[in-house]
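Trainee: structure, please.
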Amino acid sequence: MIRGLYTAAAGMIAQQRVHDTATTNIANLNTTGYKASHALNRSFPEMLLSMSGKNDEPVRRIGRLSTGVLAEESIALQVQGDLNKTDKPSDFAILSEIQVPGVTFDASGKSVAEDGTVTYRPQAYFTVLNEQEQTRYTRGGEFHLTGEGALVTSDGSPVLGAGGQPIAFEPGTSLDSLKLDGSFRFVDATGAPTGQALLITQVDRVADLVREGDGKLRLDGEGGAAPAQPGAGIEVRQGYAERSNVEPTQTMLDLMGAMRAYEANQKVIQFYDKSLEKAANEIGRV
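Mentor: Below you'll find the model as predicted:
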């Protein structure tokens, strides 16, 4: 009976985390470049029940028992979002359709081979610096120029150029007078090069990207990221913004499903509580 309490409580905690993930997705529905997250639930390691044999008889297996569910992690869906035309020269959006020879990806950007090997579609990202001057990645392309001519994100993080250094133009430069060509290079109104280009990074291990807030992502481990080459299924469009890839309808269904499952586990706990109360107060007096 006590095991049932623990199992129901674990279910409530897991559904609470699913609910939190869904509400976070809804809150970021209009956040530029946001990638939807999905809570991954897994059962606790199953306990093998066995019955001891008699004398020299072998042990006989009589079944398995699951001890509950665990919301193990939240996985971001690193797939392309729709592009929204804003006509603002300070807005930049990445259109990433990177192909891997011999691999076909599903709508979630994942491919599972016959032997169970999982391959994720590589994605392209803007490269920026955080407050500690560490390299981070983002799909949020709402940039602006400071008074000193530095190109920064909406939260003030420096945008890195092709040489790995923060992009900087002459003081007083306006993005209205700059255009981005197909090689990620900035040119002026006459088409002359400015000597500055965006550093677009291709990340192959997108499953190892970790959120850090403000739309920034950190890549765990070494390797798996390299400067992207123009024309390799990657395009940067000026005057566009990438919408979040959150699906409102599916997210609301996930939210309601988590609430219903939470209530069901709550009813189970109430049932066990009444059973224990009766066992302690009524049966004990007999």
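Trainee: helices of this protein, start to end?
Mentor: Under the criterion DSSP state H, the chain contains helices at 2-27, 248-281.
Trainee: of all these, which one comes closest to Pro158?
Mentor: Of all those, the one in closest proximity to Pro158, counting by Cβ to Cβ, is helix 2-27 (26.9 Å). (C-beta placed from N, C-alpha, C; glycine too.)
Trainee: related to what we said a few turns ago, just name the most buried of the helices of the chain.
Mentor: Of these, the one with the most neighbours on average (mean count of other Cβ atoms under 10 Å) is helix 2-27, at a mean of 18.
Trainee: any idea of the angle that helix forms with helix 248-281?
Mentor: Angle of helix 2-27 versus helix 248-281, following axes from the mean of the first three to the mean of the last three Cα atoms, to 10 degrees, is 160 degrees.
Trainee: just give me how far helix 2-27 sits from the chain centre.
Mentor: Here helix 2-27 is found 19 Å from its chain centre; the criterion is Cα atoms, centre = their mean, to the nearest Å.
Trainee: same question for stretch 228-235.
Mentor: Chain-centre distance of stretch 228-235: 22 Å, with Cα atoms, centre = their mean.
Trainee: what lies in contact with it?
Mentor: With Cβ atoms under 8 Å, 6 or more residues apart in numbering as the test, stretch 228-235 has contacts from 94-99, 124, 182-184, 200-202.
Trainee: show the contacting residues for Asp87.
Mentor: Asp87 neighbours (Cβ under 8 Å, 6+ apart): Gly239.
Trainee: Gln238 versus that one, what's the distance?
Mentor: Asp87 sits at a distance of 10 Å from Gln238 (criterion: Cβ to Cβ, to the nearest Å).
Trainee: skipping adjacent residues, who's closest to the residue nearest the centre of the chain in space?
Mentor: By Cα atoms, centre = their mean, the chain has its centre lying nearest to Ala76, at 1.7 Å. With Cβ to Cβ, 6 or more residues apart in numbering as the criterion, Ala76 has its nearest non-adjacent residue at 4.5 Å, and that residue is Lys35.
Trainee: what's the burial count for that neighbour?
Mentor: Residues lying near Lys35 (other Cβ atoms under 10 Å) number 25.
Trainee: quick one: residues contacting it.
Mentor: Contacts of Lys35 (Cβ under 8 Å, 6+ apart): Ala76, Leu77, Gln78, Val79, Gly81, Arg139, Ser244, Asn245.
Trainee: burial measure for Ile167, as a count.
Mentor: 23.
Trainee: who does the residue nearest to the centre of the chain form a beta bridge with?
Mentor: Ala76 has these beta-bridge partners by DSSP bridges: Ser37.
Trainee: so it touches Asp208, yeah?
Mentor: No. Contact criterion Cβ atoms under 8 Å: Ala76 and Asp208 do not qualify, at 11.0 Å.
Trainee: what about the protein, any weak spots by pLDDT?
Mentor: 1, 44-66, 283-286 (pLDDT under 70).
Trainee: 80 instead?
Mentor: For the chain, the stretches with pLDDT under 80 are 1-3, 41-73, 221-223, 279-286.
Trainee: tell me how far Glu133 lies from Ala258.
Mentor: 39 Å.
Trainee: picking up where we left off before, possible to save the contacts of Lys35 as JSON lines with distance to Glu263?
Mentor: Below are the contacts of Lys35 laid out as JSON lines (distance: Cβ to Cβ, whole Å):
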{"residue": "Ala76", "distance to Glu263": "28"}
{"residue": "Leu77", "distance to Glu263": "27"}
{"residue": "Gln78", "distance to Glu263": "33"}
{"residue": "Val79", "distance to Glu263": "32"}
{"residue": "Gly81", "distance to Glu263": "33"}
{"residue": "Arg139", "distance to Glu263": "36"}
{"residue": "Ser244", "distance to Glu263": "29"}
{"residue": "Asn245", "distance to Glu263": "29"}
